[in-house]
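**Student:** Sequence first, predicted coordinates after that:
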Amino acid sequence: MTTQANQSTEIKSTTCYMCACRCGINVHLKNGEVKYIEGNPDHPLNRGVICAKGSSGIMKQYSPARLTTPLRRKANATRGEGQFEAITWEEAFDTLETRLRHIRATDPKRFGLFTGRDQMQALTGLFAKQFGTPNYAAHGGFCSVNMAAGMIYTIGGSFWEFGGPDLEHAKLFVMIGTAEDHHSNPMKIELGHFKRHGGRMIAINPVRTGYAAVADEWIPIRPGTDGALLLAIIREIIAQGLYDRDFVVNYTNGPELVNMDPKNSEYGMFLRFEVPLEEGCFDPQNKLWWDRELNKPISTHTPGADPFLTGEFKLKDGTPVKPSFQLLRERVEEYTPEWAEDITGIPAATIRRLAHEMGITARDQKIELPIAWTDTWGNEHDHVTGNPVAFHAMRGLAAHSNGFQSIRALSILMSLLGTIDRPGGFRHKAPYPRPIPPCPKTPTSPEDVRPNTPLEGMPLGWPADPDDLFVDDAGEPVRIDKGFSWEYPLSVHGLMHNVITNAWRGDPYKLDTLLIFMANMAWNSSMNTTEVRDMLKDKDENGEYKIPFLVVCDAFHSEMTSFADLILPDTTYLERYDVMSMLDRPISEFDGPVDSVRIPILPPTGQCKPFQEVLIELGSRLGFPAFVDKEGKRKFRDYPDFIVNFETAPGSGIGFLSGWRGQSGEKTMRGAPNPNQWEQYAKNNCMHHHVMPRSYQYMRNWNMGYLQWAKSNGLTRHAEPINIHLYSEVLHKFRRAAQGVSHGKQPPDRLRKRVERFFDALPFYHEPLENEMINKRDYPLSALTQRPMAMYHSWDSQNAWLRQIHAHNYLHMHPSVGEKNGFEDGDWVWVESVHGRVRCQARYSQSVEPNTVWTWNAIGKASGAWGLEKDANECTRGFLLNHIIGEELPNQAEGEHLSNSDPITGQAAWFDVRVKVYKASKAEQGSTFPQFPTQPRYPGMAKPVGKWLTFIGGSGKFKNMFKGGR
Amino acid sequence: MTQLALVIDLNVCVGCSACVTSCKEWNTSGESGGGMSDKNPYGKDPTGTFFNRVQTFEVGEYPKTETVHFPKSCLHCEDPPCVPVCPTGASYKRKEDGIVLVDYDKCIGCKYCSWACPYGAREIDEKQKVMKKCTLCVDRIYDMSLPESRRKPACVLACPTSARLFGDVHDPDSAVSVAINERGGYQLQPEWGTRPANHYLPRRKTKANVSDEALHRVDNPLKKEEQRAPVSSDLPTLDDFLF
Amino acid sequence: MHPAFSVIFLTTLIGAGQGLFLALYTGQVYATFGVLGGEMPPVALYVTGSLLVALLMGLGLFASFFHLGRPERAWRAATKWRTSWLAREVIVLPAFSGIAVIWGALYYFGIDPVVLVAGAVSIHLSLVVGALATALAFLLYLCTGMIYAAIRFIQEWATPLTVVNYLLLGGASGFTLSAALAGSQDSGLVTFYAMWAVIITLIGFVTRMYSLRRNAKLKMKSSACTAIGVRHPKIKQISQGAMGGSFNTREFFHHQTPQFMRMIKTLFPIAVFVLPVALLVIGWGNGSVLLLALAFVVQYLGLLAERWFFFAQANHPQNIYYQAT
């Protein structure tokens, strides 16, 4: 949409990228300058609103921290000094082409591509696959993979992009372990609506800020103990009969019978009346219930059958069997509220009350929507039922080494309450729900990585059993981050947080070239930051860098750029094409798929080039099959051309964008490439929203109409029911391998115990791993970080407006922490973990659980970075907690250098860290620790702005301010 | 007589500062503006002119703590103490809609008006040396080229939780008046008789109503799990003894 | 409040200027009505004195410009005299200064016709002009004081004592200066002026101490409860939304330690009242111009501290919103 507000102001639509929320925005331009960015009222995601970051996009566009030209580390300069010389793109491409061509022709896995909070994983993943390297991942491993995996392996969908709480219908909303950034505007819009309509909100969190502030009740909890709370609630829900029996019977594997004969090789597996040779990636309907009337096993979902959920039964041959719900019931038996009280710090009475409130609200305030639908077993329903209890959870649960099982517990609780894809509960967003687990798989052996050949399999996938693991014959990892190995079998987002350490150590091998896009691995995106910075510049005995060639693509002067050998200047979001694709993480709504695009509002600054163009150029130069035709000629002119014409397979009709497909744009979801697709998006608020029939909008795991529609539109491979895994046979298969019961792939002996322990088909509570290994009395406090709503990660310290709101950070704590340790509010203190210590200022607060200290994440910056002056508050008074969070666990019997991560998914356990806090000496007052040498400005960066900035958009003074140059 | 004002709902304000920066971006390039200066924008102690800030207060003690996010801007008092003290007439209250404004061309930058505001709502632009404050986006709320739904202050349009309502507090039927009446909207520092036009809506708690009786129900699904005891015919029964 | 040196100098300089004029005019009146026993003050005293008055007023005015963001627009500041005490001050200050200079000029040029003879007393033109200037001087004290006293929610200021203190402290300073001036002119009026200086200083001492006592006992009407509208005894700010500071933190806080505040509070009464009275009495007894001049200097420096304290002590209710970054 382009309209004229008045003669001088032009308004253009695009999609925001001040965080990963992706709101529609209308950008007002005058005189070629951005004057005003407002929320697009016609956009389904944000409906006209905009957040603090979105409104400050102007200050990102006109930031003096922008990089404007390709840069090469000066020949005589050391990495990390930030000494660069400007080069041309031609030189940059030639360098990369030569280097990458050689790697690809010899050993493709020596090239690693790891990306941060980009929204182009479909393209970056394609690039890695075409290159032939398995060493690719985005930031999910250190963000929230536990949330994605824990939920997708249980209910076939997860929070945030792929699903969320239906607050339009919910009566009770429980937010647990959620910071302020996931989700942003949609969550705020819905919270406002929910509270205004009298909904009740409970926040369970060690800290009361942000969303928790407006909760009707705040329940403080000790970090890392959410699993204990959830298991105790499940116990109480079951004990009181507050679960939705009808839902559990029909839509979960709760009534399915599990073989309980410990001598049988099928012990712990579901009984099957027939075992097909080749199962697709879905649950075949070949399992058994124990029918109450017939008192014998019966095929699941047999019309008229009514299975037991509890009890123990014997087959004719004497095999003892139990419904998996019974196993769950037995599992939670020991998890009494009193037990949980000791662990979580929440009174047992409160836990019981919570359980009762959830269960009774779900049961007694049912919603019935007059929407007829048909389930996959052919049963007609004349309405959709909703149990209006909604949940939302994020990193508070995820960023612990017990997070996967905690999130399994949460998903099971949501399922027992009968709230999955129902009104007022959890709702999916396309392309989810997907089979449990989804179909894509990684390669499974080192032989799948071959010179000059695309990778055999996806760089990231969803293992369904041990044979899907990506390991060599000895069971050792093939990936540099050891993803999909026995150390972290379900690391579906990879382990970006271990890449630098592993590559530096050469374990499992050395890399040649590491390309990092938009990830600040020398600062807030790495754990153990101080040492990681050293690794980046560490040299071997021959004087060569241990990570030989480091390429960083970023739009800004981040800490990471100073360690690069080659810097590629990216554009801002206002200067580029982008797609929020159905192949990646679209912005779908509950009512149907939505994808969206960015269309440049402004020309690129200086020599900036969108990273997508870099990939298309490199892919074409290197002759990747997807990027060149049979003659080896370049297929795609540029990124927009690629987006329009790329199809997942020749003639598949599926491309990056789902809207206006077909020659003339008449098709949706699937259709031939449309040369005018971009124009259509531009005319339609830069997004495409396909609203499905109402009968397809609920119960999608089992909704025949929806599943068939999804299959015919390529969203999913099978139109089979996606039953909820209360009991995860998938996990049990890994335990069987560890026990040596199953054939197939086996873990190395040192890891057998670990896999056996953690791959439990039912959720269980264990302490976070590092806490089991340290003396907790020495480190009595948990340390957390949160992200403030007005500052997204490290992205915005270069933003003149936002940094006024958050210029530095404190360590917030209950006053009793100071009283015990002899310091006062505002004092300078040391925060020490087993890995090291940082110095900062203490700030008392009444809204934090007394065993917890916390700070805003990534406000602290290295001196001079992000275009800031060397004595900026971010550096002198801001601090980064990452320095004292280990990326690896102390060495142990299972082996050296295990990641400080969830043993199932490899999710970085940021929030496991325990600390002690004590007063800094008199000589140590006044600045934070550690400090690093000031990062210089690079060629092409704007001159320092100086004392005053008076921004007037449209005045013409700013568009050329950061033009860049030599 | 019209009195335009904001009504701010503390019950839903999550403290995101959307209103803070949307205000800044609209007004720094706005028709009335000439920019809103920032000092040390990339250096030590960055500071600048804002018309609106979000503050945070903790009420009570752990664990019964309420975290209250509190946006604050000019309250457009009906009896604004900042106006009569202005020696030049640069500060004035509009008769037609009650908006309190500063004529930047008349302001001499004496700051006396800011002293005379108990709310700290006025901020001097330290570069331009004139007093600035919230204008209720007077340059857009009457802009007939905008659709009616967008003729609102930038902060109101931005607010993701709709915590900011805008309208005429003298019109008893307006949404703002209704909200004030129904939700117990209040004024800040009423003790000074300034009669702020802006009102705040208090926190409102939705309580749980779960009674113990609700736990005991005939349709408890656990009843369906009761297994009939296995029947065995070879055990003796009373029939073996009774006549 | 943040004490601005422009305003400290403005108020102390013009206070002394007005006081000096009042002293000179008191001398004239007393002389006219023969209270001084027939000794007529030398014309030179009036001429020098009025020049000094003009100088002090001019310096004060000059200092005030530093308080303005846009001094080039200062002329606009007279516009709203119907409502603004500041506008009134802006009018009365030059009016008083002008009339005071005319008064001196009448002497200098010897144009001083008798305009009225009432019995034994001849009323000269200068006496009439002086009366007008006197009225304006009092009006100016009222304006200056009311600028502060009229802000009802700065409770330390919102009292008639503010006006009274501006009057008495300015008067004391002016009379002390007049004593030194008279001494330097070898005028026999030293005793007269010194005596009045001591009297006014002592009354000023009483009223200023009374205001300190009053302020120490003040109960603030506004609290965090009324400021944010939440009724609870425990309210603590944790963020003010701007970590690098703002106009609100710079303009309304003195940024000094409590110890520094206590020190000023102890020192200024000594410098404004105790030392000048002692110096005046000794100087008057010894006829030492030096000591009399020293009395003025010490008292003036004391008044700078007093005025600093006046501002610093004022607790603006907006500060409730700026208790924590």
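**Tutor:** Thanks, I have the structure now.

**Student:** residue boundaries of the helices in chain B?
**Tutor:** Ranges of helices in chain B, per DSSP state H, are B:18-28, B:112-115, B:138-141, B:154-158, B:175-183.

**Student:** Is there any residue in the last one that contacts chain A?
**Tutor:** Right, helix B:175-183. No - Helix B:175-183 lies apart from chain A when judged by C-beta under 8 Å from any C-beta of the partner chain; the minimum separation is 9.8 Å. Quick note: C-beta positions are derived from backbone N, CA and C, even for glycine.

**Student:** So which of the helices of chain B is nearest chain C?
**Tutor:** Chain C sits nearest to helix B:112-115 of all those, at 5.3 Å, using C-beta to the nearest C-beta.

**Student:** coming back round to it: can you tell me which of the helices of chain B is packed in deepest?
**Tutor:** Highest mean neighbour count among these (mean count of other C-beta atoms under 10 Å in any protein chain shown): helix B:18-28, with a mean of 29.

**Student:** So, low pLDDT: which residues of the chain?
**Tutor:** Looking at chain A here, since you left the chain open. For chain A, the stretches with pLDDT under 70 are A:1-7, A:275-279, A:794, A:962-966.

**Student:** To clarify, I was referring to chain B.
**Tutor:** B:32-33, B:228-233.

**Student:** Nearest to chain C: which residue in it?
**Tutor:** Closest residue of chain B to chain C, C-beta to the nearest C-beta: B:Gly109 (1.9 Å).

**Student:** Who are the contact partners of the residue nearest to A:Phe627 when sequence neighbours are not counted?
**Tutor:** Nearest residue to A:Phe627, sequence neighbours excluded (C-beta to C-beta, 6 or more residues apart in numbering or on different chains): A:Gly619, at 3.8 Å. Counting by C-beta atoms under 8 Å, 6 or more residues apart in numbering or on different chains, A:Gly619 makes contact with A:Phe127, A:Gln130, A:Ala626, A:Phe627.

**Student:** burial measure for B:Lys205, as a count.
**Tutor:** 12 (other C-beta atoms under 10 Å in any protein chain shown).

**Student:** pretty sure it is touching A:Trp218, no?
**Tutor:** No - in this structure, B:Lys205 is not within contact of A:Trp218 by C-beta atoms under 8 Å, at 11.3 Å.

**Student:** Tell me the spacing between the residue nearest to A:Phe627 and A:Arg101.
**Tutor:** 12 Å (C-beta to C-beta, to the nearest Å).

**Student:** and what of B:Asn27?
**Tutor:** When B:Asn27 is compared with A:Arg101 (using C-beta to C-beta), they lie 54 Å apart.

**Student:** on that earlier part again, switch the helices of chain B over to TSV; also include distance to A:Pro446.
**Tutor:** Formatted as TSV, the helices of chain B follow (distance: least, C-beta to C-beta, whole Å):
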stretch	distance to A:Pro446
helix B:18-28	51
helix B:112-115	71
helix B:138-141	63
helix B:154-158	53
helix B:175-183	66
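
**Student:** now the ones you listed in TSV, with distance to chain C?
**Tutor:** Below are the helices of chain B laid out as TSV (distance: least, C-beta to the nearest C-beta, whole Å):
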stretch	distance to chain C
helix B:18-28	7
helix B:112-115	5
helix B:138-141	21
helix B:154-158	13
helix B:175-183	12
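
**Student:** So which of the ones you listed is nearest B:Lys129?
**Tutor:** helix B:112-115 (12.8 Å; C-beta to C-beta).
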